[in-house]
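Student: Output the structure for:
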Amino acid sequence: MINYFARVIDDIVRASKIEAEKIGAKLLVGTVETASPLSVRLDNDLLIQSDALVLSDDVRNARYSFEMTLVSPITVTTGAGGSPAHTHEVTIPHGTRFEVAAQELYGELSVGDRVLMVSVNANQGYYVLRRV
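Tutor: As a prediction, the model looks like this:
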């Protein structure tokens, strides 16, 4: 599922590149050169320092917790295991409430990460969208 979304984002980025350029923004790809302080080297070899970078939630530490309630029952079949190999089927009833503890979904950028950025204000600022 994550790969599907990544492909959709890539398609949107390609289609958006022309529109972005119409308003003076450019889509750029760079590589994280240092993590602290953060710096990103663009493919044209320009080094962008942290004071010119704005990070999206996708490229910084973020922790999320959430709750969900099933609106219809679901049946889960576990994978094969044991001896002899076998499966278990478990039905979770409608209205079951789950609480998921805080999970780190995104980590900080690391040296070598490739990132997609948008340049704004005549290349005076760069918004780091996501890893590529």
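Student: Now residue 55. Nearest residue, chain neighbours left out?
Tutor: Once flanking residues are discounted, residue 55 sits nearest to residue 128: 5.0 Å by C-beta to C-beta, 6 or more residues apart in numbering. The way it works is simple: take the backbone N, C-alpha and C, and place the C-beta from them, glycine included.
Student: cool, and residue 43?
Tutor: Closest residue to residue 43 apart from its sequence neighbours, by C-beta to C-beta, 6+ apart: residue 29 at 5.6 Å.
Student: can you count the residues close to the closest residue to residue 94 other than its chain neighbours?
Tutor: Spatial nearest neighbour of residue 94, chain neighbours left out: residue 73 (5.1 Å); criterion: C-beta to C-beta, 6+ apart. As a burial measure, residue 73 scores 11 neighbours (other C-beta atoms under 10 Å).
Student: Double-check residue 73 against residue 92; I have them as touching.
Tutor: Yes. Residue 73 lies in contact with residue 92 (C-beta atoms under 8 Å); the separation is 6.3 Å.
Student: Just to be sure, residue 84 is in a strand?
Tutor: No. Assessed with DSSP: H, G, I helix; E, B strand; the rest coil, residue 84 is coil; it does not lie in a strand.
Student: how close does it get to residue 90?
Tutor: 20 Å (C-beta to C-beta, to the nearest Å).
Student: ok, now residue 48?
Tutor: 50 Å.
Student: And residue 25, by the same measure?
Tutor: The gap separating residue 25 from residue 90 is 49 Å, by C-beta to C-beta.
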